[in-house]
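> dropping a prediction and its sequence here:
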Amino acid sequence: MLLNGKTVAITGANGNLGRAIVARALQAGANIRLLDLEFESGYVEGLPATTSCHEINLLDNEAAVSCIAGLGPLDGLCNAAGGFDMGTAAHETSDQQWSRMFDLNVRTMLNACRGAVPGMISQGRGCIVNIGAAGALSGAALMAPYIASKSAVMRTTESMSEELKSAGINVNSVMPSVIDTPQNRGAMPDADTTEWVSPEQLANAICFLLSDEASGIHGANIPVKNLA
């Protein structure tokens with residue numbers, strides 16, 4: 001199987017995308033470490049005994065680093081924690097709105113990597129997959145904080161790849177068109193959803209990047225969209 005025997009940590013594991021990644025990774029044979037603010041008991045009880053769930057605020061740097069470093073050797077880390085908000089015109093956007101998008105999309109990723117990377121360096125291997133956005137390749141009205149934060153994710157992915165590839169660590173990101181979730185449909189009720197990607201389609205791409213099959217891919221921001 002694609003991830004047979006690998007230990008993979010997934011942040012945002014209780015969200016729409018996170019749950020899809022967990023399901024696909026388990027199907028691919030991985031041992032999963034789930035991280036999120038909280039988990040419903042029914043969901044946790046339905047998971048295999050080889051999984052573990054950790055309720056953690058990834059914006060708390062010390063707690064996040066301690067938790068992830070304490071998970072033991074990790075073969076993979078998927079930073080699925082994040083968020084999206086439609087906003088106002090850039091010049092009307094509050095500091096709080098800017099901070100919210102960078103907290104959700106950038107700081108959660110950085111804190112998780114701070115916990116995972118030292119162990120990956122020690123063992124001489126590892127894979128990190130971040131969540132970028134195809135929409136962050138250029139600007140768009142009323143989305144400046146989100147686009148800027150996802151652009152930061154992708155540039156950080158490229159930088160980390162250059163820093164870590166010599167240590168045997170692959171760092172890449174996926175760039176979904178828009179993830180087809182109830183929250184995104186609610187935020188963009190008039191949008192054309194034709195090319196929106198399902199969480200399951202995105203999870204397939206992520207699990208490939210976490211596998212040995214993607215060992216030659218470094219610093220890539222890979223577009224994923226639905227063309228059916």
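Perfect, I can see it now. All of these numbers come straight from a predicted model, not from anything done at the bench.

> where does Asn130 sit: helix, strand or coil?
strand (DSSP: H, G, I helix; E, B strand; the rest coil).

> what's the nearest residue to it if we skip its chain neighbours?
The shortest distance from Asn130 to any non-neighbouring residue, by Cβ to Cβ, 6 or more residues apart in numbering, is to Ser173 (4.1 Å). Bear in mind the C-beta positions are built from the backbone N, C-alpha and C, glycine included.

> that neighbour: neighbour count?
27 (other Cβ atoms under 10 Å).

> give me the pLDDT for the nearest residue to Leu104 once chain neighbours are set aside.
Spatial nearest neighbour of Leu104, chain neighbours left out: Gly83 (3.8 Å); criterion: Cβ to Cβ, 6+ apart. pLDDT, Gly83: 92.

> Gly83 - how many residues pack around it?
For Gly83, the count of nearby residues is 15 (other Cβ under 10 Å).

> what residues are up against it?
Going by Cβ atoms under 8 Å, 6 or more residues apart in numbering, Gly83 touches 100-101, 104-105.

> before we move on, what about Phe39?
Residues near Phe39 by Cβ under 8 Å, 6+ apart: 13-14, 53, 55.

> pretty sure Gly168 is touching Ile128, no?
No: Gly168 lies out of contact with Ile128 (Cβ atoms under 8 Å); the separation is 12.0 Å.

> host element of Ser173?
Using DSSP states H and E, Ser173 falls within strand 169-176.

> now for that strand, which elements pack on it?
On a contact count with 3 or more Cβ pairs under 8 Å, 6 or more residues apart in numbering; DSSP states H and E, strand 169-176 meets helix 108-123, strand 126-131, helix 144-164, helix 199-209, strand 221-224.

> what lines up beside that strand in the sheet?
Take DSSP bridges as the rule and strand 169-176 pairs in its sheet with strand 126-131 (parallel), strand 221-224 (parallel).

> just send these back as a markdown table, with mean neighbour count too.
As requested, the strands paired with strand 169-176 are exported to a markdown table (neighbours: other Cβ atoms under 10 Å):
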| stretch | mean neighbour count |
| --- | --- |
| strand 126-131 | 26 |
| strand 221-224 | 18 |
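
> to Glu213, which of these lies closest?
Within the strands paired with strand 169-176, the stretch nearest Glu213 is strand 126-131; the backing value is 10.7 Å (Cβ to Cβ).

> quick one: average pLDDT of that closest one?
Strand 126-131 comes out with an average pLDDT of 98.

> got a list of contacts for it?
Contact with strand 126-131 is made by 17, 74-80, 82, 105, 109, 113, 116-117, 119-120, 153-154, 156-157, 160, 164, 168-174, 176, 206, 209-211, 214, as judged by Cβ under 8 Å, 6+ apart.

> good, we can wrap up now.
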